[in-house]
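Undergrad: Provided below are the primary sequence and the corresponding predicted coordinates.
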Amino acid sequence: MRRTKIVATLGPGSSSPDVIEEMVSAGVDVFRLNFSHGSQAEQRHRYQQIRACSEKAGRIVGVLADLQGPKIRTGRFVEHRVQLIRGERFILDADLGEDEGTSERVGITYKDLPKDVRPGNQLLLDDGRVELDVIEVNGNEIHCTVAYTCELSDSKGINLKGGGLSAPALTAKDKEDIKVAAELGVDYVALSFARSAEDVELCRQYVRQAGSAAGIVTKVERADAIKNIDEIIEASDVIMVARGDLGVELGDAELPAIQKSLIKNARDNNKVVITATQMMESMIDNPIPTRAEVFDVANAVLDGTDAVMLSGETAVGRYPVKVVQAMSRICEHAEQQSAARLSDHRVHLMFGRVDEAIAMATMYTANHLDVAAIASLTESGATVLWMSRISSGIPIYALTRHHRTQRKVALYRGVYPVNVENDRIGPIHVSQCVIDVLLGRRIVSKGQRIILTRGDLIGEKGAGTNAMKIVDIPE
């Protein structure tokens, strides 16, 4: 069974019920709704399709609402594109109309950009394809020199090399989109361009005020975020290694080490981590991935990421189902390596909670005993999250009645949600009840051994897991 989870973005190329159902069957664990594109009505429709298709396919999948954030872009050109010549001057003009760009100047969406830059800075446009060296800031005009001859077209992103942009992480649009996401009942909300733990907490505040208990995914895509990464990880439920803008601001050579560090840091702090951006980019137009993409996905798996994400590959690509199948295949093979099954997680640290200690003891036992599966009766999913931080080849089944918990744990590496009702898990014969559930779903077979974790007060939220039991299933 594949332990690494797959997050796939829906878009024009993958919004029909037939395609969504095929993607669910192919192995998507969480669908991403990208609020940077499409109307709120389209996002509502996609959400409804996800829920209907997952129910039809008999798989529990989560939904992540990805907020647009303060995407800083150029305006548009009169002729939609211009040729920039090396050494010539080009102006970013905050006062210029949105559609009035010429070969000499273009407008910008973020009007405070001139306050954030100074001579000597380097501005990177269109994911780094265009380099502008700032030579002067004159009022609302940023005068630059073109670093090399290139083409620039409408509405391209702007990054400041090294970071330092002061745009707030949450925009007015984001706040309205949070209300829609909460109304729909999404399982995760992703915050774009966060710089600090305060940004994360502010997002959580708006999400809770909207009536949602969704987990907060912080997208690490600014150089400023790396400077505050420990506090950001602590404040987040999930972090996403968003390699696009991050690579532009820091430089592509920095990315591999940063990715590995972020994955390790998140797991060491019992947080979930998603690796994203251009993982299978060539499959937007091609039915098979490049060898470099195969290595990229496999390395993220070996580093311990919980999930790998598809963006344009499934949103606008020609082969949304094939790319999910290919990614799933790569993950499964990478997980067979011993490096993906060994762990020294928290071996030298004290545990702060009883349920965390039970989780760690369970995984240590499972990795050193012939065990077919781990079954955890859980209300919130906290115990299985701790378990999933330990590298292992043993599947972890989260048995819970709460649909919200089921969908949330669908993102955790090596964890598989199982819907159970409390009246099926009696407090006296709990072991037999769990065995019946697992046998009934063909998760285990007679004669096998499982580890069961539970709390004394089954079905009561906040009671906590305080017991581990090794159970042999009778022949």
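TA: Sure, I can see it.

Undergrad: Could you use CA atoms for every contact and neighbour count after this?
TA: Will do.

Undergrad: where's residue 224, which helix or strand?
TA: Under the criterion of DSSP states H and E, residue 224 resides in helix 223-227.

Undergrad: Going by contacts, tell me the helices and strands next to that helix.
TA: Packing contacts for helix 223-227, counted by 3 or more CA pairs under 8 Å, 6 or more residues apart in numbering; DSSP states H and E, involve helix 243-250.

Undergrad: Alpha carbons of the helix it packs on, as PDB, please.
TA: Presented in PDB, the C-alpha positions along helix 243-250 are these (Å, rounded to 0.1, in the frame of the first residue of the first chain):
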ATOM      1  CA  ARG A 243       9.300  25.600  -4.500                       C
ATOM      2  CA  GLY A 244       8.200  28.100  -7.200                       C
ATOM      3  CA  ASP A 245       8.400  31.500  -5.600                       C
ATOM      4  CA  LEU A 246      10.800  30.200  -2.900                       C
ATOM      5  CA  GLY A 247      13.300  29.200  -5.600                       C
ATOM      6  CA  VAL A 248      13.000  32.600  -7.300                       C
ATOM      7  CA  GLU A 249      13.600  34.500  -4.100                       C
ATOM      8  CA  LEU A 250      16.400  32.300  -2.700                       C
END
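
Undergrad: same question for that helix, mean pLDDT?
TA: The average pLDDT within helix 243-250 is 92.

Undergrad: most residues in a single helix of the protein, which one?
TA: Determined from DSSP state H, the single longest helix within the chain is helix 40-57.

Undergrad: Now it: buried residues?
TA: 42, 43, 44, 46, 47, 49, 50, 51, 53, 54 (16 or more other CA atoms under 10 Å).

Undergrad: In the chain, where is pLDDT below threshold?
TA: Applying pLDDT under 70 to the chain flags the ranges 339-350, 422-428, 456-463.

Undergrad: Tell me who's in contact with the residue nearest the centre of it.
TA: Geometric centre of the chain, nearest residue: residue 274, 4.1 Å, by CA atoms, centre = their mean. By CA atoms under 8 Å, 6 or more residues apart in numbering, the contact set of residue 274 is 238, 239, 240, 241, 305, 306, 307, 308, 309.

Undergrad: any idea how far residue 261 is from it?
TA: Here residue 274 is placed at a distance of 13 Å from residue 261 (CA to CA, to the nearest Å).

Undergrad: With adjacent residues omitted, what lies nearest to residue 22?
TA: residue 321 (6.5 Å; CA to CA, 6 or more residues apart in numbering).

Undergrad: Mind giving me the packing neighbours of the one helix or strand the one you found maps to?
TA: Taking DSSP H and E as the definition, one finds residue 321 inside helix 320-334. When contacts are defined as 3+ CA pairs under 8 Å, 6+ apart, helix 320-334 sits against strand 5-10, helix 17-26, helix 291-303, helix 312-315.

Undergrad: Tell me which of these sits nearest to residue 373.
TA: Nearest to residue 373 among the helices and strands packed on helix 320-334 is strand 5-10 (18.1 Å), distances taken as CA to CA.

Undergrad: how many degrees apart are that closest one and helix 320-334 in direction?
TA: Angle, strand 5-10 to helix 320-334, by axes from the mean of the first three to the mean of the last three CA atoms, to 10 degrees: 160 degrees.

Undergrad: that older thread, just put the helices and strands packed on helix 320-334 in CSV and tack on distance to residue 93.
TA: Shown next, in CSV, are these (distance: least, CA to CA, whole Å):
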stretch, distance to residue 93
strand 5-10, 34
helix 17-26, 43
helix 291-303, 39
helix 312-315, 31
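
Undergrad: Any idea which of these gets closest to residue 204?
TA: Of all the helices and strands packed on helix 320-334, it is strand 5-10 that lies closest to residue 204, at 21.4 Å by CA to CA.

Undergrad: who touches residue 216 in this structure?
TA: Neighbours of residue 216 in contact, by CA under 8 Å, 6+ apart: 188, 189, 190, 191, 200, 203, 204, 236, 237, 238.

Undergrad: meant to ask about residue 240
TA: Residue 240 sits next to 217, 218, 219, 220, 273, 274, 275, 276 when contact means CA under 8 Å, 6+ apart.

Undergrad: Restricted to strands, list those residues.
TA: 217, 218, 219, 220, 273, 274, 275, 276 (DSSP state E).

Undergrad: between these, which is closest to residue 116?
TA: Using CA to CA, the shortest approach to residue 116 within the ones in strands among the contacts of residue 240 belongs to residue 220, at 20.2 Å.

Undergrad: Cheers, nothing more for now.
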